[in-house]
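Visitor: Give me a model of this one.
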Amino acid sequence: MLKYSFYIFLLITLFVLQACKHEKSDYLKIIKNVPVNHVNADSWDFKNVADTIYYKDKRFSGIQFALYPSGDTAFIKPCYAGLQEGISKTWYPNKQLADERLYISGKKEGVHKGWWPDGKLKFTYEFDNDEFNGVIKEWYNTGNPFKEFHMVKGYEEGSQKMWWINGKTKANYIIKNGRRYGLLGTKNCINVADSVFISR
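Guide: This next block holds a predicted model:
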């Protein structure tokens, strides 16, 4: 009887944990085990067709990488059956990490982060099933904030804010039920070269 009660308790606990862990999605997301075989992206045997990577005419499973002339790593891209799988990373020539992104079955998932060459944070994006879902934040290379948007399944929802490089408010509005309320911003007559935009 005690053993039976333990199994019921265990099943209920697992169900609750799964529901909490995956509240943004209606399916269980599991990162596949990518084979640890590294292949240089310079190889002529690679071919990209849409979002699928082929190596020697077969869907590639392994870690694609590229190097700078110095021999330092430019990027690593884990793949499984031709689709990006796991954490991809790119670096600047100065060895500073440029971005870090998670893919599951070729789709963007979780928090993606990017940095400027000096290490300052450039962006953080939240994805669910390849769509923006959560908070999008971007910064100028000065460290000042550029954007803070709230997204639900790829669409703006809730508070949305943007700033000029000097810290003044560029836009401050709310999206509710598809309607926009608040300061929409003004036209920028000066080309701000160091501003950042959503790159996905």
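Visitor: Look at the residue nearest to Ser70 when sequence neighbours are not counted and report its pLDDT.
Guide: With C-beta to C-beta, 6 or more residues apart in numbering as the criterion, Ser70 has its nearest non-adjacent residue at 7.0 Å, and that residue is Pro93. All C-beta spots, glycine's among them, are computed from the backbone N, C-alpha and C. Among the per-residue scores, Pro93 holds a pLDDT of 97.
Visitor: where exactly do the helices run in the protein?
Guide: Along the chain, the segments classed as helices by DSSP state H run 2-21.
Visitor: picking up where we left off before, quick one: residues contacting the residue nearest to Ser70.
Guide: 68, 70, 72, 74 (C-beta atoms under 8 Å, 6 or more residues apart in numbering).
Visitor: Lowest mean pLDDT among the helices and strands of the protein, which one is it?
Guide: helix 2-21 (a mean of 39; mean pLDDT, DSSP states H and E).
Visitor: picking up where we left off before, can you turn the buried part of the contacts of Pro93 into a PyMOL selection?
Guide: Here is the PyMOL command that selects the buried residues among these (16 or more other C-beta atoms under 10 Å):
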select buried, resi 74
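Visitor: can I get the contacts of Pro93 in a markdown table with pLDDT and distance to Ser105?
Guide: Listed next are these as a markdown table, based on pLDDT from 0 to 100; distance: C-beta to C-beta, whole Å:
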| residue | pLDDT | distance to Ser105 |
| --- | --- | --- |
| Tyr68 | 97 | 30 |
| Ser70 | 95 | 34 |
| Asp72 | 96 | 30 |
| Ala74 | 98 | 25 |
